[in-house]
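Visitor: can't give you the sequence, but here's the structure:
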């Protein structure tokens, strides 16, 4: 089956889904994106993704491509046309097409708006069962990681460095402390049972799944503190895990070759995953 | 006249010059570029740009799209088809088209290769005559600015911040010292007549025009030292200027509101510009 992709108002076969080489997303990485999970054909945490998209657009002075209602309708149309049961919808907004210039184009330049689906086969992947092995790498990304831009070359390079080391993913380290994973937020569970994750700021993505996990942890009466941690603290933790729209909650069992806890997925990560998925699916639209 | 653009082996009208939305240049900024000046229909510093392209490709493990001879032939064909006398040729190589994944696609994935021309009307712009006014901004770019990637959102934002302040361009400052301009290398001439510019490293672009200026300065028996400088040192300097493939050598006459020297383009910048252009035009191919 050929995937159907949304490009600037039209639904096209994926082989015909194209943008101009003069698009600022292509020439300047002048673009933001969102990824919304789909379970049972329904959208997970959609309002959160829409709100973060608005924030990213606002921070960069990017024009809005559509109303929230229109964006929801496009998501649903793509899910329907591609018969997507499980997977996600990728959304991207660029500053549009203009002859190459570091200065932004005229304000009335229409943004480019692209959405496509990607299917997955199962919620419970083998990785969830065995837990992830991560490698630390220096965090060389730009200074505004809170804006969800497509400047993803370094996270992509870090993912490949992890694979080169035979690991699953990388954690970024800055000034001796973990910022986050390549495309996910990072957490540990300290020996006294407290969940710890870095506070929001310009140095990490404001994860939609992270926000949901904070709520879920509260409901489960788990202690959670927003405080950075070092690789050594993570290696000495009881548990570790990541969250993202794609991974939901996924345990981390090894960091730079050292087992976390007993080297198996921990009970708190498992409880959070189950509780998050239950609540998210109940609220899916 | 419709511009003719090169896209993956074909010469197309600019309105039909498109790439897939799945191109990694579009989704991950996984791409590098070069800009080669054209004067009198001939290419300036072409071997230098080719060598730097090879270095950028190598650093990122990007496949080569063509031999140097083929790249030269495409440049010449575009200059000819677009009757370009004065301007430049933009070249970009991406890791090609693949379904979205942080991991790189299979090594045999063909790179995308795009080139287009941009015309200019004069070598001696009004800006050269009056000199540039620059504003300093914090350097928030990623840690490998020596690789010429299309992750240009922050330089683009900095250019807009300079314009908002009524200035021409921005200089990036990191740890109290100037790294470079938004799309150019930065220099001062100290009170004792020494040209000073930051040494090469991961924190600045290895400018092709910068390398030429080092040679030209040597031939003119001007003292040049590779050492960083602060904004205060630049404001107290005798002269300041920038270099790039587009600006050649262009004087800077004001930094954060303070005049440099007497606030007019200085004699050393002027001599370097004339000598650089003379040598570059003589060697153009």
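Guide: Yes, it's here. Because the structure is predicted, anything quoted here is derived from the model rather than measured.
Visitor: hey, which helix or strand in chain A has the poorest pLDDT?
Guide: For chain A, the helix or strand with the lowest mean confidence is helix A:126-130, at a mean of 92 (criterion: mean pLDDT, DSSP states H and E).
Visitor: Report all helices and strands that it contacts.
Guide: strand A:248-255 (3 or more Cβ pairs under 8 Å, 6 or more residues apart in numbering or on different chains; DSSP states H and E). Every residue, glycine included, has its C-beta placed from N, CA and C.
Visitor: right, and the helix or strand after the strand it packs on?
Guide: strand A:258-259 (DSSP states H and E).
Visitor: Which helix runs longest in chain A?
Guide: Taking DSSP state H as the criterion, chain A has its longest helix at helix A:267-283.
Visitor: Report the distance from it to the chain centre.
Guide: In terms of Cα atoms, centre = their mean, to the nearest Å, the centre of helix A:267-283 is found 17 Å from the chain centre.
Visitor: same for that helix, what does it pack against?
Guide: With contacts taken as 3+ Cβ pairs under 8 Å, 6+ apart, helix A:267-283 sits against strand A:31-39, helix A:208-219, strand A:239-244, strand A:248-255.
Visitor: List the buried residues for it?
Guide: Going by neighbour count (16 or more other Cβ atoms under 10 Å in any protein chain shown), the buried part of helix A:267-283 is A:268-269, A:272-273, A:275-277, A:279-280.
Visitor: Turn those into CSV, including pLDDT.
Guide: As requested, those are arranged in CSV below (pLDDT from 0 to 100):
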residue, pLDDT
A:268, 97
A:269, 97
A:272, 97
A:273, 97
A:275, 97
A:276, 97
A:277, 97
A:279, 96
A:280, 96
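Visitor: Let me know the closest of these to residue B:202.
Guide: residue A:269 (36.3 Å; Cβ to Cβ).
Visitor: quick revisit: can you tell me which of the helices and strands packed on helix A:267-283 is packed in deepest?
Guide: strand A:239-244 (a mean of 27; mean count of other Cβ atoms under 10 Å in any protein chain shown).
Visitor: For the stretch 1-150 of chain A, which segments are assigned as strands?
Guide: Using DSSP state E, counting those that start in this stretch, the strands of the stretch 1-150 of chain A run over residues A:4-7, A:10-13, A:18-20, A:31-39, A:42-43, A:86-94, A:112-119, A:132-138.
Visitor: For those, give me JSON lines that also has mean pLDDT.
Guide: Listed next are these as JSON lines, based on pLDDT from 0 to 100:
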{"stretch": "strand A:4-7", "mean pLDDT": "98"}
{"stretch": "strand A:10-13", "mean pLDDT": "98"}
{"stretch": "strand A:18-20", "mean pLDDT": "98"}
{"stretch": "strand A:31-39", "mean pLDDT": "98"}
{"stretch": "strand A:42-43", "mean pLDDT": "98"}
{"stretch": "strand A:86-94", "mean pLDDT": "98"}
{"stretch": "strand A:112-119", "mean pLDDT": "98"}
{"stretch": "strand A:132-138", "mean pLDDT": "98"}
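Visitor: right, so of these, which gets closest to chain B?
Guide: strand A:18-20 (3.9 Å; Cβ to the nearest Cβ).
Visitor: which secondary structure elements does that closest one contact?
Guide: Under the contact definition 3+ Cβ pairs under 8 Å, 6+ apart, strand A:18-20 sits against helix A:24-28, strand B:18-20.
Visitor: residues in contact with the shortest one?
Guide: In this case it means strand B:18-20. A:17-21, A:26, B:7, B:25-26, B:94, B:97, B:112, B:114 (Cβ atoms under 8 Å, 6 or more residues apart in numbering or on different chains).
Visitor: any chance of those residues in JSON lines, with distance to residue A:163 and neighbour count too?
Guide: Converted to JSON lines, those look like this (distance: Cβ to Cβ, whole Å; neighbours: other Cβ atoms under 10 Å in any protein chain shown):
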{"residue": "A:17", "distance to residue A:163": "28", "neighbour count": "22"}
{"residue": "A:18", "distance to residue A:163": "30", "neighbour count": "20"}
{"residue": "A:19", "distance to residue A:163": "29", "neighbour count": "23"}
{"residue": "A:20", "distance to residue A:163": "33", "neighbour count": "20"}
{"residue": "A:21", "distance to residue A:163": "30", "neighbour count": "27"}
{"residue": "A:26", "distance to residue A:163": "26", "neighbour count": "31"}
{"residue": "B:7", "distance to residue A:163": "31", "neighbour count": "18"}
{"residue": "B:25", "distance to residue A:163": "21", "neighbour count": "31"}
{"residue": "B:26", "distance to residue A:163": "23", "neighbour count": "31"}
{"residue": "B:94", "distance to residue A:163": "20", "neighbour count": "25"}
{"residue": "B:97", "distance to residue A:163": "21", "neighbour count": "20"}
{"residue": "B:112", "distance to residue A:163": "23", "neighbour count": "23"}
{"residue": "B:114", "distance to residue A:163": "28", "neighbour count": "25"}
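Visitor: quick one: which of these is nearest residue B:75?
Guide: Nearest member of the contacts of strand B:18-20 to residue B:75, counting by Cβ to Cβ, is residue B:114, at 12.7 Å.
Visitor: dump the residue contacts of the closest one.
Guide: Applying Cβ under 8 Å, 6+ apart, one finds that residue B:114 lies in contact with A:21, B:5-8, B:17, B:19, B:91-92, B:94.
Visitor: swap in residue A:6?
Guide: Shown in contact with residue A:6 (Cβ under 8 Å, 6+ apart): A:12, A:74, A:77-78, A:113-116.
Visitor: sorry, back to before: tell me the angle the longest helix of chain A makes with strand A:239-244.
Guide: 20 degrees (axes from the mean of the first three to the mean of the last three Cα atoms, to 10 degrees).
Visitor: In chain A, where is pLDDT below threshold?
Guide: A:1 (pLDDT under 70).
Visitor: one more time with 90
Guide: The model of chain A has pLDDT under 90 over residues A:1-2, A:125, A:127.
Visitor: and it, what are its domains?
Guide: A:4-119, A:126-283 (automatic domain parsing).
Visitor: before we move on, the earlier item: now tabulate the buried residues of helix A:267-283 in a markdown table and tack on distance to residue B:216.
Guide: Formatted as a markdown table, the buried residues of helix A:267-283 follow (distance: Cβ to Cβ, whole Å):
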| residue | distance to residue B:216 |
| --- | --- |
| A:268 | 64 |
| A:269 | 61 |
| A:272 | 63 |
| A:273 | 63 |
| A:275 | 67 |
| A:276 | 62 |
| A:277 | 64 |
| A:279 | 66 |
| A:280 | 63 |
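Visitor: Verify the stated contact: residue A:195 with residue A:217.
Guide: Yes. Residue A:195 is in contact with residue A:217 according to Cβ atoms under 8 Å; the separation is 5.8 Å.
Visitor: So for these two, which residues contact both of them?
Guide: residue A:224.
Visitor: Next, the distance between the ends of stretch A:227-237.
Guide: Using Cα to Cα, to the nearest Å, the end-to-end distance of stretch A:227-237 comes to 14 Å.
Visitor: From the chain's centroid, how far away is it?
Guide: Centroid displacement of stretch A:227-237 relative to its chain, using Cα atoms, centre = their mean, is 22 Å.
Visitor: and the longest helix of chain A with strand A:248-255, angle?
Guide: Using the same axes, to 10 degrees, the direction of helix A:267-283 lies 160 degrees away from that of strand A:248-255.
Visitor: Closest to residue A:253 out of the contacts of residue B:114?
Guide: Closest to residue A:253, out of all of those and judged by Cβ to Cβ, is residue B:94, at 35.2 Å.
Visitor: Okay, the closest one and residue B:73: tell me how far apart.
Guide: 21 Å (Cβ to Cβ, to the nearest Å).
Visitor: again, but for residue A:91
Guide: 40 Å.
Visitor: Counting neighbours, go ahead and name the busier of the two.
Guide: Just comparing residue A:91 and residue B:73: by other Cβ atoms under 10 Å in any protein chain shown the higher neighbour count belongs to residue A:91, 23 against 12.
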